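need a 3D model of the following:
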Amino acid sequence: MQFQRLRISGFKSFVEPAEFRIEPGLTGVVGPNGCGKSNVLESLRWVMGAASAKAMRAGGMDDVIFAGSGGRPSRNHAEVSLTIDNSDHTAPPQFANDPVIEVTRRIDRGAGSTYRINGREVRARDVQLLFADASTGANSPALVRQGQISELIAAKPQNRRLILEEAAGVSGLHSRRHEAELRLRAAETNMARLDDVARELDSALGRLKREARQAEKYKRLAAEIRALQGGLLFARWRDAREALLRAQGEATAADAAVEAGAREAALASTTALTAEAALAPLREEAQIAGAVRHRLALEADRVEREVAQAAAEVERLTEALARIDADSAREAQIIEDARSALVRLSVELAELELSVQNAPERLPALEADWKAAEAARRAADGAVEALAASVAAADAERRAAATRVEEAQVRAARSQRALDAAKVDRAAVGPAVDPQAAAARQASRPPWPPCAPPARRSPRPRPRKHPPPPPRPPPGTPPARPRTSWAG
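The predicted model follows:
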């Protein structure tokens with residue numbers, strides 16, 4: 001098998017896809033330090049199945065993916081493909097018929113590596129065996145890395161033996177031998193596990209035999225138990241049948257008792273309906289009597305309030321009449337005083353006129369006195385007129401008050417007569433409980449205890465009305481004047 005072509009994409013410094021053709025003869029890569037010559041060899045070892053990140057000069061296998069630069073972003077995957085010429089059909093048997101073998105390894109960041117041979121996904125071990133059969137591989141001494149010549153010179157005999165075996169083409173056999181030894185050890189482990197399983201099955205078989213004997217014993221005992229249970233159930237059925245016959249006899253007697261009770265209940269119901277029919281007119285009369293009694297009670301209450309109001313009105317009007325009489329007497333005294341003053345002033349005026357005629361030299365002073373006396377007389381006349389009007393108004397108010405007193409006394413007498421009539425009607429209504437109605441209820445009462453009737457709420461007493469305001473004076477009556485005293 002001969003290598004033909006190496007295609008690199010995203011591996012370390014090869015951010016863009018690059019392809020290296022390996023022609024017959026000598027193929028070399030020449031360039032300055034840091035141009036990526038070592039990356040070509042590492043990509044070849046990586047695609048051949050290298051699993052050590054240290055051998056790739058990286059801290060982890062994801063570090064072989066291009067990490068980006070100042071002008072290029074990082075990549076998320078790297079892929080290397082190696083094309084091999086198999087025209088001589090020296091590849092392993094599963095690939096011997098393919099003229100060209102293409103091995104591809106791809107790594108995705110955080111997802112690991114995948115291997116494909118001719119587009120078919122395979123294991124990393126398959127790729128390593130492919131190159132081991134061709135006396136090469138990722139760790140082959142044929143791939144000389146930096147510092148490996150000095151390592152070969154100072155190598156131990158065991159490492160030199162590996163080099164000689166690879167040169168002889170038997171390194172693949174060693175790999176297959178190692179894999180066969182691993183499989184053999186796994187088979188021996190499985191055989192040991194089978195022996196353990198066989199011993200466990202033997203112990204389980206003995207346990208199952210014991211359980212089978214116990215199951216046979218259980219079946220035998222279960223059959224005996226079922227037979228005994230059948231006898232017990234038959235005895236219980238016989239007892240139940242006898243109890244059923246007794247219960248049927250008792251049920252027949254109970255049915256007869258129920259029929260007798262039903263006949264008695266029907267008779268009682270008929271009696272109750274008759275009593276209910278006789279009780280209906282009595283209930284209606286009782287309701288009418290109760291309504292009349294309630295109405296008479298309300299009327300008596302109203303009449304009592306009117307009597308009280310009339311008595312209060314009579315008392316108030318009596319007091320007003322006494323006050324008016326006192327005011328009238330006082331006003332009469334005032335009028336009498338005013339008349340005495342008028343007489344006195346007339347006498348003085350006559351004396352002044354005589355003085356004027358007898359003493360002409362005192363005429364100015366006497367005229368002034370006369371004018372003052374005349375003004376006093378006019379004031380006295382006005383006061384007398386005002387007192388006369390006040391007396392007339394007081395007299396009219398006294399007459400109106402006397403009229404109201406007479407009307408109040410008439411209303412009080414009428415209210416008293418209505419109260420007496422209401423008391424007579426209430427006494428004529430009689431007691432609220434009718435003996436005939438009570439006897440009818442007792443006759444219609446069922447033998448069982450009746451349900452208690454709902455309690456009737458007693459009528460709430462109505463609040464008493466406020467006493468009416470005092471009557472207004474009749475129209476045309478002048479308002480009462482304040483008490484004033486006048487001296488001439």
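
please make it C-alpha for all contacts and neighbour counts, starting now.
Fine.

residues touching M61, list them.
Counting by Cα atoms under 8 Å, 6 or more residues apart in numbering, M61 touches 52-53.

so, low pLDDT: which residues of this structure?
Residues of the chain meeting the criterion pLDDT under 70: 1, 133-135, 137-155, 159-160, 162-176, 356, 358-363, 366, 426, 429-488.

and the longest helix seen in it, what does it pack against?
If each helix of the chain is counted by residues according to DSSP state H, the longest one is helix 171-358. Judged by 3 or more Cα pairs under 8 Å, 6 or more residues apart in numbering; DSSP states H and E, helix 171-358 is in contact with helix 124-133, helix 363-429, helix 435-444.

could I get these as TSV with mean neighbour count?
Shown next, in TSV, are the helices and strands packed on helix 171-358 (neighbours: other Cα atoms under 10 Å):
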stretch	mean neighbour count
helix 124-133	19
helix 363-429	16
helix 435-444	15
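
nearest to S346 among the ones you listed would be which one?
Evaluated with Cα to Cα, these place helix 363-429 nearest to S346, the distance being 8.7 Å.

now do that closest one and helix 171-358, the angle between them.
130 degrees (axes from the mean of the first three to the mean of the last three Cα atoms, to 10 degrees).

centre of the chain to helix 363-429, how far?
For helix 363-429, the separation from the chain centroid amounts to 78 Å (computed by Cα atoms, centre = their mean, to the nearest Å).

mind giving me the packing neighbours of that helix?
Against helix 363-429 (3+ Cα pairs under 8 Å, 6+ apart) you get helix 171-358.

orientation of the helix it packs on relative to helix 124-133 in degrees?
Using the same axes, to 10 degrees: helix 171-358 against helix 124-133 is 150 degrees.

buried stuff in stretch 253-260?
Neighbour counts over stretch 253-260 (16 or more other Cα atoms under 10 Å) mark no residue as buried.

please read the previous query as pertaining to stretch 95-104.
Going by neighbour count (16+ other Cα under 10 Å), the buried part of stretch 95-104 is 95, 98, 100-104.

what is the burial count for E224?
Number of residues near E224 (other Cα atoms under 10 Å) recorded here: 12.

for D126, see how far away the closest residue to D62 other than its chain neighbours is.
Among residues not flanking D62 along the chain, R109 sits closest, at 5.8 Å (Cα to Cα, 6 or more residues apart in numbering). Here the criterion is Cα to Cα, to the nearest Å. By it, R109 lies 23 Å from D126.

can you list the buried residues of stretch 95-104 in JSON lines and add secondary structure?
JSON lines is the format used below for the buried residues of stretch 95-104 (DSSP: H, G, I helix; E, B strand; the rest coil):
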{"residue": "F95", "secondary structure": "helix"}
{"residue": "D98", "secondary structure": "coil"}
{"residue": "V100", "secondary structure": "strand"}
{"residue": "I101", "secondary structure": "strand"}
{"residue": "E102", "secondary structure": "strand"}
{"residue": "V103", "secondary structure": "strand"}
{"residue": "T104", "secondary structure": "strand"}
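
and those residues, which two are furthest apart?
Spatial extent of those (Cα to Cα) is set by the pair D98 and T104 at 15.7 Å.

surely E304 meets L419?
Yes. Assessed by Cα atoms under 8 Å, E304 is found in contact with L419 at 7.0 Å.

so R75: helix, strand or coil?
Applying three-state DSSP: R75 is coil.

list the contacts for it?
10, 15, 65-68.

hmm, try it at 7 Å
Going by Cα atoms under 7 Å, 6 or more residues apart in numbering, R75 touches 10, 65-68.

neighbours of the residue nearest to D62, how many?
With other Cα under 10 Å as criterion, R109 counts 15.

next, it: phi, psi?
Dihedral angles phi and psi of R109 (degrees, to the nearest 10) take the values phi -60, psi 120.

surely it meets D63?
No. Contact criterion Cα atoms under 7 Å: R109 and D63 do not qualify, at 8.9 Å.

now the buried residues of stretch 95-104 as a markdown table including distance to V424?
Converted to a markdown table, those look like this (distance: Cα to Cα, whole Å):
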| residue | distance to V424 |
| --- | --- |
| F95 | 140 |
| D98 | 141 |
| V100 | 142 |
| I101 | 139 |
| E102 | 137 |
| V103 | 135 |
| T104 | 132 |
